[in-house]
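Participant: have a look at this prediction, sequence included:
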Amino acid sequence: MSCGIEKNETPARAKNFTNEEVLLLSELVGKNRSVIENKQSGVITHKQKEAAWQKLTMEFNASTSGDHRSTKMLIEKWRNTKKTSTKSYSANKKSLYKTGGGPKDFSIVLETPVDAIVHDIIGARMTRYEAECDSDYMNIYPRLLILVMDPKQILPFEMNLSSTNEQHDNLPSSSLNDSNLAVMHLHKYEEQQGQADWSDYSPALLKTPTSKLLSTTKAELEEAVKKHQEERELVQLKKKILLEAHQLKMEQMREEHALKLKLMSERKPFM
């Protein structure tokens with residue numbers, strides 16, 4: 001009885017992976033990404049992946065002081081880690097487009113070092129490809145550029161930000177930092193936009209020019225029409241020649257038939 005009970009006993013459940021172990025596993029996978037994350041299938045590729053995972057398992061167990069982890073456990077944990085990072089990224093992206101007001105959404109989770117490594121390894125499989133024609137596409141225009149800076153570093157509004165280099169040299173060196181220069185360039189861009197001449201503007205200017213491969217000039221059109229006419233005349237000539245040949249052949253056949261009838265009528269019957 002005791003032997004039967006011992007055989008039916010399930011193995012003890014292993015401890016959960018710690019954050020340090022998950023980070024170590026991600027770093028080791030990153031070093032062997034060319035083999036482990038290879039999407040090719042085949043006997044050779046499968047053997048290479050098995051060898052890479054076995055080597056990774058030895059390095060993992062040699063670098064940790066916790067429980068011994070088998071290759072199967074590490075493979076399953078890496079799959080779950082990729083799923084968790086992808087779900088976290090999708091949830092954060094979805095929360096950016098929520099509308100309707102209300103309290104702040106505290107479900108947003110900041111990117112962890114593990115998420116950064118997973119993103120670096122699997123790339124677009126985690127973030128998906130960004131479609132420029134989709135409503136989710138985020139394009140930053142210079143006019144809508146938002147700068148975060150210390151209010152003390154912002155130049156007074158009365159100061160002419162688009163002045164010449166000589167006027168810039170008169171400014172104190174402490175005020176000419178990167179933030180102020182960025183504000184200068186932004187203001188200069190807006191001034192250039194305001195000085196643009198829109199008197200000759202029309203919606204037709206927004207139309208993209210037709211490609212040269214798809215457009216035809218007047219000379220090309222005339223040449224095409226001439227070529228078509230020549231081909232048509234050639235067809236008509238061939239048709240005329242064939243018709244005349246047919247008429248001559250029919251005339252010849254009629255003459256032969258009349259000659260045969262005449263010979264048959266002149267032939268004397270046998271006695």
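Facilitator: Done, it's in.

Participant: which SS class is G100?
Facilitator: Secondary structure assignment for G100 (DSSP: H, G, I helix; E, B strand; the rest coil): coil.

Participant: how about low-confidence regions in this protein?
Facilitator: Scanning the chain for pLDDT under 70 picks out 1-11, 105-109, 130-132, 134-197, 268-271.

Participant: which helix is the longest one in this protein?
Facilitator: The residue-count maximum for a helix in the chain (DSSP state H) belongs to helix 218-266.

Participant: for the stretch 51-200 of the chain, just list every one of the helices.
Facilitator: For the stretch 51-200 of the chain, the helices identified by DSSP state H, counting those that start in this stretch occupy 71-96, 113-122, 124-127, 165-169, 178-194, in order along the chain.

Participant: ok, now how distant is S202 from R125?
Facilitator: 46 Å (CB to CB, to the nearest Å). C-betas here are computed from N, CA, C, even on glycine.

Participant: if you count surrounding residues, which of those two has more?
Facilitator: Neighbours per residue (other CB atoms under 10 Å) separate S202 from R125, with R125 holding more: 14 against 7.

Participant: distance of the more buried one relative to K82?
Facilitator: 8 Å.

Participant: check Y201 too.
Facilitator: From Y201 across to K82, the span is 51 Å (CB to CB).

Participant: and if you look at R69?
Facilitator: 17 Å.

Participant: do S34 as well
Facilitator: When CB to CB is applied, the distance between S34 and K82 equals 17 Å.

Participant: over to V22?
Facilitator: 11 Å.

Participant: any buried residues in stretch 92-104, and which?
Facilitator: Of the residues in stretch 92-104, N92 count as buried by neighbour count, 16 or more other CB atoms under 10 Å.

Participant: next, the distance between the ends of it.
Facilitator: Across stretch 92-104, the terminal residues are separated by 13 Å (CA to CA, to the nearest Å).

Participant: just stretch 31-47 next, same as before
Facilitator: Across stretch 31-47, the straight-line distance between its terminal residues is 18 Å, by CA to CA.

Participant: who touches that stretch?
Facilitator: By CB atoms under 8 Å, 6 or more residues apart in numbering, the surrounding residues in contact with stretch 31-47 are V29, Q48, K49, A52, W53, K55, L56, W78, I121, I122.

Participant: tell me the secondary structure of S41, please.
Facilitator: Note that with three-state DSSP, the state of S41 is coil.

Participant: for it, give me phi and psi.
Facilitator: Backbone torsions of S41, given as degrees, to the nearest 10, read phi -120, psi 140.

Participant: please tell me how far it sits from K83.
Facilitator: Here the distance between S41 and K83 works out to 21 Å (CB to CB).

Participant: these two: which is more packed in?
Facilitator: Neighbour totals were compared for S41 and K83, and K83 leads with 11 against 7 (other CB under 10 Å).

Participant: okay, Y201 and K82: which has more neighbours?
Facilitator: Just comparing Y201 and K82: by other CB under 10 Å the higher neighbour count belongs to K82, 18 against 10.

Participant: neighbours of the closest residue in space to the more buried one that isn't next to it in sequence, how many?
Facilitator: Counting by CB to CB, 6 or more residues apart in numbering, K82 lies nearest to V118, which is 5.8 Å off, once chain neighbours are set aside. Burial measure for V118: 26 neighbouring residues, criterion other CB under 10 Å.

Participant: list the buried residues of stretch 76-93.
Facilitator: Buried residues in stretch 76-93, counted by 16+ other CB under 10 Å: K77, W78, T81, K82, S85, T86, S88, Y89, N92.

Participant: ugh, wrong one, stretch 56-75
Facilitator: Burial within stretch 56-75, assessed by neighbour count using 16+ other CB under 10 Å, is assigned to L56, T57, F60, T64, R69, M73, L74, I75.

Participant: and these as a markdown table, adding distance to L206?
Facilitator: Putting the buried residues of stretch 56-75 into a markdown table (distance: CB to CB, whole Å) gives the following:
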| residue | distance to L206 |
| --- | --- |
| L56 | 56 |
| T57 | 60 |
| F60 | 59 |
| T64 | 62 |
| R69 | 61 |
| M73 | 60 |
| L74 | 56 |
| I75 | 54 |
